[in-house]
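Asks: here is a sequence together with a model predicted from it:
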Amino acid sequence: MLVKMEKLKQAQPTGTSICVPLYKFLKYVGVFPCSFEFHPVPKGFDGVLPLRKIYAEPSGKFVLLCKLVLFTHCMHSLFQAFQLFWNLVILKEDFGTIMSLVAWCGTSMLGLLVALKHYKDRDSICAWMTDINALEEEIYEKYRNHGNHVSTYVVRHTREFHRIRRNIFVFSIIASAVIGMKHLQEPRSPVFLYSLLPSHFENWVLLGCSVAFHAAIMVYDLFFTVQLVAGCMNICRIFESCLTLMVSPDKDKSGFELLLEMDDALGYNKRLGELMDGANKIYAWLIALQMGGYSVLCCIVAFLPIHYWNSTSPLGLLGYVFLFIAVIFIFCRVFPEMGSVYDASKSFKIAWLRELAYSRDALRLVVEHEKYFKLLRLRVKSCVEFGFKCGNFVFIKTSTMLSFFSVISTYLIILLQFTRSAGYGRDKD
């Protein structure tokens, strides 16, 4: 037992272990009720606690808090959907008001989809995270003597965790300030609950409550997005670090030892591919909906400030600009990280084929271990690239970001041309 504790003390922390404070924060605010079980460590241990298991809480105060958050968010989304229907069908408001309602309603709906998915599948998500943490720990332990590669990836995990924590704080403050100022300047906007009161009724207390409520809703939309984005980015870094470690063979090894190391790497690669298949079963369609939804939102929030530059209040423009920057930030951060998994998987196959072909003992390996050499070469060639999927359609690659930007630009131009043609037709009539 003491030997195992001493071994754990020397082990490098995994990416999931480093992100435990983030998951605890999401638990305490009622976003994702989960608990953690750690390996025992010796007294005086001041590092990152080695994670053993993540499990979803079946009941308790944090589950009740999560249900309350989901119920409140569902009611808010229904309210905005009703406002959109009422202003579109009954009141027949102008195009700008409808697009504004679509943008705010869409933001709320997309966040709610993430929250409901994580709550519904929390058991399978926690079990999958436990499996990937265990495999990462095993790979780090095996390859910890390969120079300083493992410690480099641990430093990267830690740096990214602090960056995410800082971004959550900054975006929460900005989102609350933007929605609060917009609400105070346009209190009767159909986006807000305060618009349900009679037009002649003014109450600063109710207005303050409405401002606080909508600011909280916006912040929780951000938390829901962080739950998906931060989780996926952390998993992407784990996969990328493990695959990169496995294509960096020990230079001191040669001959049959190299083949054994390659065999181990192929086994780990197969297990990583199986875990990625599990991730796609959970997240593939959610990622597709988020990508499609945020692409549409990006078009709308880019269109509104451009088309209504002179007729929209400065704070209204500020709200749309904030949404646009937030969506672009998510795209620019998420797509390269998700695409790195597929690229690393592809590089794994190419690197080992080159290692077999150009190692200093390649000819002797073919002669002395012909059957084993050919078997491993066949296994490498049969490796299938894996990565995050957008639905069941395509793998997400680093170039996917450019494809989505081109789609957003195309539809933004179509929107501007459509509204300009409609305005020209009305002027002519």
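Replies: That came through, no problem.
Asks: for the protein, what spans make up the helices?
Replies: Assigned by DSSP state H, the chain shows helices spanning 2-10, 15-18, 20-28, 61-85, 95-120, 122-142, 149-185, 204-246, 256-307, 314-358, 362-368, 370-381, 400-428.
Asks: which of the ones you listed is buried the deepest?
Replies: Sort these by mean neighbour count, taking mean count of other Cβ atoms under 10 Å, and helix 15-18 sits at the top with a mean of 24. C-beta here means a position set from N, CA and C on the backbone, and glycine is covered the same way.
Asks: may I have that helix exported as PDB, CA atoms only?
Replies: Output of helix 15-18 as PDB, limited to C-alpha atoms (Å, rounded to 0.1, in the frame of the first residue of the first chain):
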ATOM      1  CA  GLY A  15      -5.900  16.400 -17.600                       C
ATOM      2  CA  THR A  16      -9.200  15.500 -15.900                       C
ATOM      3  CA  SER A  17      -7.600  15.700 -12.400                       C
ATOM      4  CA  ILE A  18      -6.400  19.200 -13.200                       C
END
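Asks: next one: Gly331 from Val178, what distance?
Replies: Careful, residue 331 is Phe and not Gly. Counting by Cβ to Cβ, to the nearest Å, the separation of Phe331 from Val178 is 20 Å.
Asks: what sits closest to the residue nearest the centre of the chain if chain neighbours are left out?
Replies: Among the residues of the chain, the one closest to the centroid is Val229, at 1.6 Å (Cα atoms, centre = their mean). Distances taken as Cβ to Cβ, 6 or more residues apart in numbering place Val334 nearest to Val229, at 5.6 Å, with adjacent residues excluded.
Asks: for that neighbour, give me the pLDDT.
Replies: Model confidence at Val334, given as pLDDT, is 77.
Asks: ok, it - contacts?
Replies: Val229, Cys232, Met233 (Cβ atoms under 8 Å, 6 or more residues apart in numbering).
Asks: in TSV, list those residues along with distance to Leu286 and pLDDT.
Replies: TSV is the format used below for those (distance: Cβ to Cβ, whole Å; pLDDT from 0 to 100):
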residue	distance to Leu286	pLDDT
Val229	12	82
Cys232	10	83
Met233	15	84
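Asks: just the CA coordinates for stretch 114-132, please, in CSV.
Replies: The C-alpha trace of stretch 114-132 is given here as CSV (Å, rounded to 0.1, in the frame of the first residue of the first chain):
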residue,chain,number,x,y,z
VAL,A,114,-26.4,21.3,-23.6
ALA,A,115,-27.8,21.3,-20.1
LEU,A,116,-30.6,18.8,-20.8
LYS,A,117,-28.2,16.5,-22.6
HIS,A,118,-25.7,16.5,-19.8
TYR,A,119,-28.3,15.9,-17.1
LYS,A,120,-30.0,13.1,-19.1
ASP,A,121,-26.8,11.3,-19.9
ARG,A,122,-24.8,12.2,-16.8
ASP,A,123,-24.2,8.6,-15.8
SER,A,124,-22.7,7.6,-19.1
ILE,A,125,-20.7,10.8,-19.4
CYS,A,126,-19.2,10.3,-15.9
ALA,A,127,-18.4,6.7,-16.7
TRP,A,128,-16.7,7.7,-20.0
MET,A,129,-14.7,10.4,-18.3
THR,A,130,-13.5,7.9,-15.7
ASP,A,131,-12.3,5.5,-18.4
ILE,A,132,-10.4,8.2,-20.3
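Asks: contacts for that stretch, please.
Replies: Stretch 114-132 is contacted from outside by 16, 31-34, 52-56, 66, 69-70, 73, 224-225, 227-228, 235, 238, 275, 278-279, 282, 286, 290, using Cβ under 8 Å, 6+ apart.
Asks: what are the buried residues along stretch 384-395?
Replies: Across stretch 384-395, burial judged by 16 or more other Cβ atoms under 10 Å covers Glu385, Phe386, Gly387, Phe388, Lys389, Cys390, Phe395.
Asks: for that stretch, what is the average pLDDT?
Replies: For stretch 384-395, the mean pLDDT works out to 82.
Asks: what about that stretch, distance to the chain center?
Replies: Here stretch 384-395 is found 15 Å from its chain centre; the criterion is Cα atoms, centre = their mean, to the nearest Å.
Asks: now the end-to-end length of it.
Replies: The stretch stretch 384-395 measures 12 Å between its terminal residues, going by Cα to Cα, to the nearest Å.
Asks: could you list every residue that touches Phe32?
Replies: Per Cβ under 8 Å, 6+ apart, neighbours of Phe32: Tyr23, Leu26, Cys66, His118, Tyr119, Arg122, Gln227.
Asks: do you know how far Glu240 is from Leu402?
Replies: Applying Cβ to Cβ, the value for Glu240 to Leu402 is 20 Å.
Asks: excluding sequence neighbours, find me the nearest residue to Asn392.
Replies: Nearest residue to Asn392, sequence neighbours excluded (Cβ to Cβ, 6+ apart): Ala284, at 6.4 Å.
Asks: quick check: the one you found vs Phe395, distance?
Replies: Look at Ala284 and Phe395: by Cβ to Cβ, they are 10 Å apart.
Asks: tell me how many other residues crowd Glu37.
Replies: By other Cβ atoms under 10 Å, 10 other residues sit near Glu37.
Asks: which strand residues bridge it?
Replies: Applying DSSP bridges to Glu37 yields these beta-bridge partners: Lys53.
Asks: any idea how far it is from Arg166?
Replies: 28 Å.
Asks: who's in contact with the residue nearest to the centre of the chain?
Replies: With Cβ under 8 Å, 6+ apart, Val229 has these contacts: Ile330, Arg333, Val334.
Asks: try it again at 10 Å.
Replies: Val229 sits next to Val114, Ile164, Asn167, Leu222, Gln290, Phe329, Ile330, Arg333, Val334, Glu337, Met338 when contact means Cβ atoms under 10 Å, 6 or more residues apart in numbering.
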